[in-house]
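> Here is a sequence together with a model predicted from it:
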Protein chains: 2
Amino acid sequence: MSICACLASDELALLDALAHPVTFGAKETLFVQGQPAEAVYNLTGGAVRLYKLLPDGRRQIVGFALPGDFLGLAMRDAFGFSADAIETVTACAFPRSAYSALVDAKPHLLRRLHDYATHELTLAQEQMLLLGRRNAEERLVCFLLTMRERWARLGRSTTTIELPMSRQDIADFLGLTIETVSRTFSKLARNRKILIVPDGVRLLDLEGMTSLAAA
Amino acid sequence: MSICACLASDELALLDALAHPVTFGAKETLFVQGQPAEAVYNLTGGAVRLYKLLPDGRRQIVGFALPGDFLGLAMRDAFGFSADAIETVTACAFPRSAYSALVDAKPHLLRRLHDYATHELTLAQEQMLLLGRRNAEERLVCFLLTMRERWARLGRSTTTIELPMSRQDIADFLGLTIETVSRTFSKLARNRKILIVPDGVRLLDLEGMTSLAAA
DNA sequence: CGTCCGCATTGATCAGGATCAATTACAGAC
DNA sequence: GTCTGTAATTGATCCTGATCAATGCGGACG
């Protein structure tokens, strides 16, 4: 789903001219909800959490961005959510105005972007199903299988799943508490579905996990 | 946010040539999840529920479509969710192929569509926050205020909110059970926040509702 | 090497919403 | 008018996941 994959080389050069590489350290903020969006980003390395906050501090993570992901769709003038780096992050930043002009000038880039947006929308609807109707175990299993899928696309291992985010992040993504997430991890490990390893899990029973997720 | 509002009259004529009006009776199916999408729809009358099902029958409604809404974004080849008419529905149907060709030919229509898609994505993320982190009362109040907003855009009353969908539909949208929805309605009515009327509610304390939703 | 600190795990108890069950309201059929 | 079926409300009880609390673990640093 990389945005740039559809461009001819001359257009890529154009894009290159607009882009400037940026780096963020762990826990650094890329942007905050409501802030006018001066730039959009294409992530090249590291992981980012995207989240919304309630006034009383409750947090819902609406997604994790991995290398290749595009940040800045869901905003017209201001960002609809906050984003910060989970680990050291590298990205290409595009000034909003130049980006906007380029999109207007290159319909097939826009088409690509639109396909990306509808893909994101489909994921969001899948997440609504998860948050509204699945129990804790199903949520965690779905999450692990989704991460597996995403890492696989990036050419990473399909058996050992990297989890750069904290338990709290996972909880805030799945609409649970950190304790429930931890207990559910332990339960999956006890049932020989997964093996918990530093910064990730190893999937021991993909079969069983898949049927848990489907149910 | 109507898709067609950006078109010049000659383009509208083109669109008209593609469109054919369709009607669905209450509970009739517009399309089902996974079915290849032969047509996209622009709703002109009535309300539609959009939902995903789990194999065991659990249902999550991912949105309600009202007049002016566009159906068929979140699919490349197949629909990502099912849709059926809540009440008698009228719509313009566009064959998928013709629609696709027109979009390719008219970049500013595509631009419009993309803006619509990002708007939908923003709503979906707001709904994730609701499903993941809000309690039953907050969910219902948010829902009522959102419906108020949407009806207002369509020029309807801002004090008496029409609710064409059933309690079960509301429950499946808010990730609750019908009993909890019913109890929460009763509680809001008891506290003089709303008055329950046939096919809707009257908002008695917009102030109070707004602060409940913000919390 | 020990202390500290943030994160994760585990246990005990609680509560919000689910589930089970009964009743009510109401629209349509006749 | 009564009958019937569906949707909604209300009550009683249960259970999943939240909350409160304690402990464990590992890396950074003096």
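Nice, thanks for sending it over.
> ok, now which ones touch the residue nearest to residue A:56 when sequence neighbours are not counted?
In this structure, residue A:56 finds its nearest non-sequential neighbour in residue B:215, 6.3 Å apart by CB to CB, 6 or more residues apart in numbering or on different chains. (C-beta placed from N, C-alpha, C; glycine too.) For residue B:215, the contact set (CB atoms under 8 Å, 6 or more residues apart in numbering or on different chains) comprises A:54-56, B:138.
> Reformat those as TSV; add distance to residue A:210 and secondary structure.
TSV is the format used below for the contacts of residue B:215 (distance: CB to CB, whole Å; DSSP: H, G, I helix; E, B strand; the rest coil):
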residue	distance to residue A:210	secondary structure
A:54	34	coil
A:55	39	coil
A:56	37	coil
B:138	34	helix
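> Which parts of chain A are strands?
Remark: strands assigned in chain A by DSSP state E are A:20-24, A:29-31, A:39-45, A:48-53, A:59-65, A:70-71, A:82-85, A:89-95, A:160-162, A:194-197, A:200-203.
> So which elements touch the last one?
The helices and strands touching strand A:200-203, judged by 3 or more CB pairs under 8 Å, 6 or more residues apart in numbering or on different chains; DSSP states H and E, are helix A:136-153, strand A:160-162, strand A:194-197.
> ok, residue A:76 touching residue B:117?
No. Checked against CB atoms under 8 Å, the pair residue A:76 and residue B:117 is beyond contact range at 11.9 Å.
> Look at the two and report which has more neighbours.
Set residue A:76 next to residue B:117 and count neighbours by other CB atoms under 10 Å in any protein chain shown: residue B:117 wins out with 24 against 11.
> Contacts only, for the residue nearest to the more buried one when sequence neighbours are not counted.
Once flanking residues are discounted, residue B:117 sits nearest to residue A:117: 4.2 Å by CB to CB, 6+ apart. Shown in contact with residue A:117 (CB under 8 Å, 6+ apart): A:73, B:114, B:117-118, B:121.
> Which members of the residues you listed define the maximum pairwise distance?
Within the contacts of residue A:117, two members stand farthest from each other by CB to CB: B:114 and B:121, at 10.4 Å.
> circling back: could the strands of chain A be laid out in JSON lines, adding mean neighbour count?
Converted to JSON lines, the strands of chain A look like this (neighbours: other CB atoms under 10 Å in any protein chain shown):
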{"stretch": "strand A:20-24", "mean neighbour count": "14"}
{"stretch": "strand A:29-31", "mean neighbour count": "19"}
{"stretch": "strand A:39-45", "mean neighbour count": "19"}
{"stretch": "strand A:48-53", "mean neighbour count": "22"}
{"stretch": "strand A:59-65", "mean neighbour count": "23"}
{"stretch": "strand A:70-71", "mean neighbour count": "22"}
{"stretch": "strand A:82-85", "mean neighbour count": "21"}
{"stretch": "strand A:89-95", "mean neighbour count": "20"}
{"stretch": "strand A:160-162", "mean neighbour count": "19"}
{"stretch": "strand A:194-197", "mean neighbour count": "16"}
{"stretch": "strand A:200-203", "mean neighbour count": "19"}
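> so which of the ones you listed comes closest to residue B:128?
strand A:59-65 (5.3 Å).
> Put the alpha carbons of that closest one into CSV.
Provided in CSV are the C-alpha atoms of strand A:59-65 (Å, rounded to 0.1, in the frame of the first residue of the first chain):
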residue,chain,number,x,y,z
ARG,A,59,-7.0,7.3,25.7
GLN,A,60,-8.0,5.4,22.6
ILE,A,61,-5.3,4.4,20.2
VAL,A,62,-6.8,4.4,16.8
GLY,A,63,-3.9,2.8,15.1
PHE,A,64,-0.2,2.0,15.0
ALA,A,65,1.8,3.2,12.0
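> And the longest helix seen in chain A, how far out from the chain middle?
Secondary structure assigned by DSSP state H gives helix A:107-133 as the longest helix of chain A. Centre-to-centre, helix A:107-133 and its host chain are 12 Å apart (CA atoms, centre = their mean, to the nearest Å).
> can you tell if it touches DNA strand C?
No. Interface with DNA strand C: helix A:107-133 contributes nothing (CB under 7 Å from any atom of the strand), its closest point being 8.7 Å away.
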